[in-house]
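> Need coordinates for the following:
(2 chains)
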Amino acid sequence: MKSAVTYELLHKDKTTGARRGVIHTPNGDIQTPVFMPVGTQATVKAMTPEELKEANAQIILSNTYHLFLRPGHNLVKEAGGLHKFMNWDRPILTDSGGFQVFSLGALRKIKEDGVEFRSHLDGSKKYLNPEIAMEVQEALGADIIMAFDECCPYPSTYEYTKNSMERTTRWAKRCKDAHKSIEKNALFGIVQGGFFKDLRKKSAEDLIALDFPGYAIGGISVGEPKKEFLDILNYTAPLLPENKPRYLMGVGTPDYLIESAIAGIDMCDCVLPTRIARHGTAMTSRGKVVVRNATYERDFTPLDPECDCYTCRNYTRAYIRHLINTKEILGVRLLSIHNVNFLTKLMDRVKIEIENDNLANFRDEFYQKYGYEKV
RNA sequence: GGGUAGGUGGUCGAGUGGUUAAUGGCACCAGACUGUAAAUCUGGCGACGAGAGUCUACGUUGGUUCGAAUCCAACCCUGCCCA
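So this is what the prediction gives:
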């Protein structure tokens, strides 16, 4: 049976090995490497689908756990699926709820069969396991769905990480067995193993044996130093099949996105651009601009002089600072629009640099301009 | 004119003899944020000082007391009620 999602490699950067490709999905093609904005509750906070398209967002994320609690996957199914429900006709990826096993730490209990949650909304008991995560995600109807996993905290012991990783692999098998709508959505496996290379290798091997149509790396970018992040990323990414999409979960910052592409990653997602937008910060070609700070009170220039997004074409730092400081909704909207644009444009640039076999140079230029230190 | 309630740090407002440079909220100033429990959270917020610390502060002036934002007196100002 044909997988819902396939990967086509177009070009490999000769200096780094970064991959320029296309992911074919039921709702259209995705040019990679790609940054995917996160819309946990069936909306990328503060942005309309039209604005996302104008920002050249090719695919967005949504979340099993959150939609399971509210409004319920059956309601979304009744609405005609997530695409129709939220008026987004491009690809969607749903996360499995595995990240909530991590982020809702105190509110959940992990067992072999699955995870018992206390709802963060009302404290009621909820239950997710591989089979339920599949049922929910199939009802939502995303193009790419994720295996139910556990994302380990940093730091975790070897023993804890090993047990967790092995359970995640068992869960992945159960997800695969439970997954029915193979032609409608592709199920990706998630490599775990924390910060231990032998565990990463074992996880990758066991998951590859299960033959998923795509693979994710989970459990990094969870608070560790950048050096450790790069170490595990650069070790793990090459373990994954060449002919399938590689997805690094939860990244992130501009430098991490470039490093990910260099490591041979095709897809990344992150809440960061929209979250820091809500908290008053813009990502720009010259580094972070905390536009709510007093220094921008009389700065009548755009957020980023090199940006041509809707926000930068029309509004000044001083005005956006005023909107943020007066808690006007428009401030959050304008910053979100800009930040998502910034990252999608960054990835557009990365694609061109890969095609020109120039990604390594571009990274160095970018680091210098943005103000990052090389690790 | 009489009565009454009150005047506290940028602001609103606690405190009614000592552990009070003075609770809180807001405003303001920073920081954090990476598969979203996040339009959230953390810290700072009298002056000088790197710091220990020093100084100046609760309408004004005087007084009581070892010690006062807190008690007393006079005065100034504000709200409300009565003339």
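
> Does A:Cys309 touch A:Thr344 like I think?
No - checked against C-beta atoms under 8 Å, the pair A:Cys309 and A:Thr344 is beyond contact range at 9.5 Å. C-beta here means a position set from N, CA and C on the backbone, and glycine is covered the same way.

> tell me which parts of the stretch 101-250 of chain A are close to RNA strand B?
Selection of the stretch 101-250 of chain A residues close to RNA strand B by C-beta under 7 Å from any atom of the strand yields A:102-107, A:120, A:146, A:149-151, A:190, A:216, A:218-219, A:221-223, A:249-250.

> actually the stretch 251-375 of chain A, sorry about that
Residues of the stretch 251-375 of chain A lying near RNA strand B (C-beta under 7 Å from any atom of the strand): A:251-253, A:256, A:269-272, A:274-276, A:278-281, A:290, A:292-295, A:297, A:325, A:327, A:329, A:332.

> What subset of those residues is buried?
Taking 16 or more other C-beta atoms under 10 Å as the criterion, what is buried in those is A:251-253, A:256, A:269-272, A:274, A:276, A:278, A:280-281, A:292, A:332.

> Of these, just say which sits nearest to RNA strand B.
Proximity of these to RNA strand B (C-beta to the nearest atom of the strand) peaks at A:Gly252, which lies at 2.0 Å.

> check which helix or strand covers the closest one.
Assigned by DSSP states H and E, A:Gly252 falls within no helix or strand.

> how long is stretch A:304-324 end to end?
Using C-alpha to C-alpha, to the nearest Å, one end of stretch A:304-324 lies 17 Å from the other.

> Tell me how many other residues surround the nearest residue to A:Ile258 once chain neighbours are set aside.
Spatially, and ignoring its direct neighbours in sequence, A:Ile258 is nearest to A:Arg363 (5.1 Å; C-beta to C-beta, 6 or more residues apart in numbering). Neighbouring residues of A:Arg363 were enumerated by other C-beta atoms under 10 Å; the total is 22.

> just checking, A:Arg363 is part of a strand?
No - assigned with DSSP: H, G, I helix; E, B strand; the rest coil, A:Arg363 falls outside any strand and is helix.

> Surely it and A:Ala263 touch.
No - checked against C-beta under 8 Å, the pair A:Arg363 and A:Ala263 is beyond contact range at 11.5 Å.

> what sits against the residue in the stretch 51-200 of chain A that RNA strand B sits nearest to?
The minimum distance from the stretch 51-200 of chain A to RNA strand B, using C-beta to the nearest atom of the strand, falls at A:Cys151 (2.0 Å). For A:Cys151, the contacting residues are A:Gly98, A:Phe99, A:Val101, A:Phe102, A:Gln192, A:Gly218, A:Gly219, A:Val222, A:Met249, by C-beta atoms under 8 Å, 6 or more residues apart in numbering.

> Most neighbours out of those, which is it?
A:Gly219 (34 neighbours).

> still on that earlier bit, mind checking which of the residues of the stretch 251-375 of chain A next to RNA strand B land in strands?
Of these, the ones assigned to strands by DSSP state E are A:Asp269, A:Cys270, A:Thr281, A:Val290.

> give the contact list for A:Gly194.
By C-beta under 8 Å, 6+ apart, A:Gly194 lies in contact with A:Cys152, A:Tyr154, A:Ser156, A:Thr161, A:Ser164, A:Met165, A:Arg200, A:Gly219.

> likewise A:Asp357?
A:Asp357 touches A:Asp13, A:Lys14, A:Thr15, counting by C-beta under 8 Å, 6+ apart.

> try 10 Å
By C-beta atoms under 10 Å, 6 or more residues apart in numbering, A:Asp357 lies in contact with A:His11, A:Lys12, A:Asp13, A:Lys14, A:Thr15, A:Thr16, A:Ala18.

> what's the answer for A:Glu355, then?
Here A:Glu355 is in contact with A:Leu10, A:His11, A:Asp13, A:Arg20 (C-beta under 10 Å, 6+ apart).

> so can I have a markdown table of these showing distance to RNA strand B?
Output for these, formatted as a markdown table (distance: C-beta to the nearest atom of the strand, whole Å):
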| residue | distance to RNA strand B |
| --- | --- |
| A:Leu10 | 25 |
| A:His11 | 26 |
| A:Asp13 | 22 |
| A:Arg20 | 22 |
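
> Weed out the non-buried ones from these.
Counted by 16+ other C-beta under 10 Å, the contacts of A:Glu355 give A:Asp13, A:Arg20 as buried.
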